[in-house]
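Engineer: the sequence and its predicted three-dimensional model are supplied below.
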Amino acid sequence: MEVAQEWPEPIVRVQSLADAEAIPERYIKPPSERPNLNPGTAMAAGETECLPVVDLGGLRGGAAERQATMRAVSDACREWGFFQAVNHGVSPALTAAVMEAWRQFFHLPMAEKQAYANSPTSFEGYGSRLGVKKGAILDWGDYFFLQLLPQSIKNYDKWPTLPASLRETTEAYGDELVKLCGVIKEVLSLTLGMDEGFLHRGFGEPGACLRVNFYPKCPQPELTLGLSPHSDPGGMTVLLTDEHVKGLQVRKGDDWITVQPIPDALIVNIGDQIQVLTNATYKSVEHRVTVNATTERLSLAFFYNPDDDLPIEPAAELVTPTSPPVYKPMTFKEYKMYMRMLGPCGKSHVDLHKAA
Ligand code: OGA
Ligand code: NI
């Protein structure tokens with residue numbers, strides 16, 4: 001599969017459209033894909049459900065508390081593919097500082113940001129679309145994408161130099177999240193009944209990247225989405241969001257559950273590669289982002305991934321005559337090509353990858 005070198009159409013920054021009276025046609029979703037921003041009573045049941053909250057402080061407690069916490073993580077990842085982590089060990093001062101640095105970046109003059117304009121070859125830098133399909137309907141968001149691991153592909157030339165605090169806070173935040181994901185990987189391994197290094201071996205040398213999403217306010221939020229439904233292609237994702245602005249919705253059956261942000265929480269979700277490695281024991285669940293007319297929203301999505309070149313397939317220990325392998329082997333590098341061609345589109349990528 002060929003990777004496109006350039007975007008198929010001139011890039012428009014969504015931020016430059018935020019003050020218009022109407023949104024351009026290119027952002028208007030077909031009626032069936034629009035969000036229901038004012039759910040009536042029919043939706044009330046779905047609205048009252050909320051994502052499991054797990055106090056990860058319990059992992060540092062006594063044996064019984066540790067067991068219960070591991071069980072809560074595992075249940076959430078089987079049933080929801082998502083949980084909100086509190087007491088995760090990443091300092092609130094650091095999360096506040098890294099959010100503030102990126103907020104300042106997106107408020108720099110446009111010319112300053114354009115110096116980092118990205119292309120579909122690596123996606124690193126300042127971007128405003130994900131897929132490369134000409135004529136695609138676009139999402140209402142800009143982003144900044146950076147590779148953090150492995151060290152060999154980290155390229156500081158792609159990192160903004162302003163604001164001055166950005167590099168140091170992003171680096172420190174990335175280091176903390178690599179540690180946190182390492183711990184979660186152990187918990188997910190143990191609760192599968194394996195040894196704690198099970199997923200670590202399946203991943204090989206971990207990769208990590210950061211996508212900072214900036215969703216400007218939107219004059220017609222009922223017609224569009226900040227990010228279309230998708231599952232995350234990598235291993236697992238940890239999301240840091242604005243605590244005052246809702247926007248993330250998670251699929252639960254036929255409903256979209258709006259995530260209620262909790263101060264200082266991190267939202268953890270399973271990506272497609274852990275779904276494949278665990279033969280669908282842990283679920284990579286679809287999610288999307290809605291926007292609103294009054295407030296911009298910032299989120300930092302940290303993606304923790306397997307080695308680019310290692311074939312990822314259902315682990316032999318989890319394959320039995322009664323649970324045959326659901327997926328065929330594919331490297332993460334090959335897998336990402338689908339995402340880059342098509343942009344966010346539900347769970348079609350992981351479905352493409354199914355064993356016959
Ligand atoms: C993502 C994502 C959710 C959000 O970046 O993959 O799902 O709330 N972001 O920005
Ligand atoms: Ni996502």
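Structural biologist: Yep, it's here. Only a predicted model underlies this, so the values are computations on that prediction, with no experimental measurement involved. Ligands and ions are numbered 1, 2, ... in the order given.

Engineer: avg pLDDT for stretch 335-350?
Structural biologist: Computed over stretch 335-350, the mean pLDDT rounds to 70.

Engineer: I meant to write stretch 235-254 there.
Structural biologist: What stretch 235-254 shows for mean pLDDT is 95.

Engineer: near ligand 1 at all, it?
Structural biologist: Yes - judged by CB under 6 Å from any ligand atom, stretch 235-254 comes into contact with ligand 1 at 239, 241, 247, 248. Using the backbone N, CA and C atoms, a C-beta is placed for each residue, glycine as well.

Engineer: residue 306: which of the residues you listed is nearest?
Structural biologist: Nearest to residue 306 among these: residue 239, at 19.2 Å, using CB to CB.

Engineer: what about residue 256, which SS state?
Structural biologist: Put simply, residue 256 is strand when judged by DSSP: H, G, I helix; E, B strand; the rest coil.

Engineer: give me the neighbour count for it.
Structural biologist: For residue 256, the count of nearby residues is 21 (other CB atoms under 10 Å).

Engineer: how much space separates it from ligand 1?
Structural biologist: Residue 256 sits 13 Å away from ligand 1, going by CB to the nearest ligand atom, to the nearest Å.

Engineer: so that residue is in contact with residue 35, correct?
Structural biologist: Yes - between residue 256 and residue 35 there is a contact at 7.4 Å, judged by CB atoms under 8 Å.

Engineer: who touches both of the two?
Structural biologist: When contacts are counted by CB atoms under 8 Å, 6 or more residues apart in numbering, residue 256 and residue 35 are jointly contacted by 249, 288.

Engineer: ok so, going back, out of the residues of stretch 235-254 next to ligand 1, who's nearest residue 173?
Structural biologist: Closest to residue 173 out of the residues of stretch 235-254 next to ligand 1 is residue 239 (12.5 Å), distances taken as CB to CB.

Engineer: part of a strand, is the closest one?
Structural biologist: Yes - counting by three-state DSSP, residue 239 falls inside a strand.

Engineer: right, and it touches residue 267 too?
Structural biologist: Yes - the criterion here is CB under 8 Å, and residue 239 meets it with residue 267 at 4.2 Å.

Engineer: joint contacts of these two?
Structural biologist: Common contacts of residue 239 and residue 267, defined by CB under 8 Å, 6+ apart, comprise residue 248.
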